[in-house]
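Peer 1: Let me see the structure of the following:
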Amino acid sequence: MDGVTERKPPDLTFESWIDKQIREATDRGEFDELPGAGKPIPPGMGDENWWVRNLLQREGIGTDALLPEHIVLRRDRERIDDTVRNLTSERAVREAVAELNERVVHWLRSPGGPDIPIGPVRADDVVARWRAARETRTTIAAEAVSGSSPSSITPREKRSRWQRLRGR
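Peer 2: I've put the predicted structure just below:
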C-alpha cells in the first residue's frame, strides 16, 4: 500500500493517529526534500491574499496590475507633476502628457467599470507648473552654491557649537 494510509483504528483518537502518521512519514524521509524544509514559515502567510502577493513579487509585477484602469488613470493624472518633475525638456513633458491623455481617451472610448469622471490633462498647464518648479529648483540650487562659499562664513560661524555655547 504505497502512498495510502491505513484506516484509523477505532481505539485511537484522531490526534494520536495523525501524529503517528506524521512521525512515520518523517521517519521514511517523505518530508526531507520539500522546498522550505527546516525554515520558518514566511511572515504574512496569515493574510488571505498571501499567494497573490507572492506571485506578484516572484514575477516582478507591480501591484498596479491588480487595479482597475480608471483608478490607475486617476492616480497618474493626480501625479503628473511628480512624473514630469525630473524631465529635462518641454518636449519630454509634452510627450508624457500626450501619453497619459492617449490612455485616458482610450479608456473613455471603451470604459469598463463604474462611471468615474476622468478627463484629459492640459499640456500647457502641466508645462507651466513644470517650468515654475524647475525655476524654483534652479534658484534654490544657485543660492545653496553661492551661500556656501568660504568668504560668506563669518568668524562666529566658524566656531564649533560647543565654543558658541560657552560664549568664546
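Peer 1: so which strand or helix has residue 74?
Peer 2: helix 69-78 (DSSP states H and E).
Peer 1: Just list what that helix packs against, helices and strands only.
Peer 2: Counting contacts by 3 or more C-beta pairs under 8 Å, 6 or more residues apart in numbering; DSSP states H and E, helix 69-78 is packed against helix 90-109. From N, CA and C alone the C-beta is placed, and that goes for glycine too.
Peer 1: quick one: the helix it packs on to helix 69-78, angle?
Peer 2: 150 degrees (axes from the mean of the first three to the mean of the last three C-alpha atoms, to 10 degrees).
Peer 1: Count the residues that sit near the nearest residue to residue 68 once chain neighbours are set aside.
Peer 2: Nearest non-adjacent residue to residue 68, counting by C-beta to C-beta, 6 or more residues apart in numbering: residue 113, 5.0 Å away. For residue 113, the count of nearby residues is 10 (other C-beta atoms under 10 Å).
Peer 1: give me the low-pLDDT residue ranges for this protein?
Peer 2: Flagging of the chain using pLDDT under 70 yields the residue ranges 1-5, 8, 14, 44-45, 111, 147-159, 161-168.
Peer 1: In it, where's the longest helix?
Peer 2: With secondary structure taken from DSSP state H, the chain has its longest helix at helix 123-147.
Peer 1: Next, the contact list for the closest residue to residue 76 other than its chain neighbours, please.
Peer 2: Among residues not flanking residue 76 along the chain, residue 100 sits closest, at 5.8 Å (C-beta to C-beta, 6+ apart). Contacts for residue 100 (C-beta atoms under 8 Å, 6 or more residues apart in numbering) come out as 73, 76-77, 80, 121.
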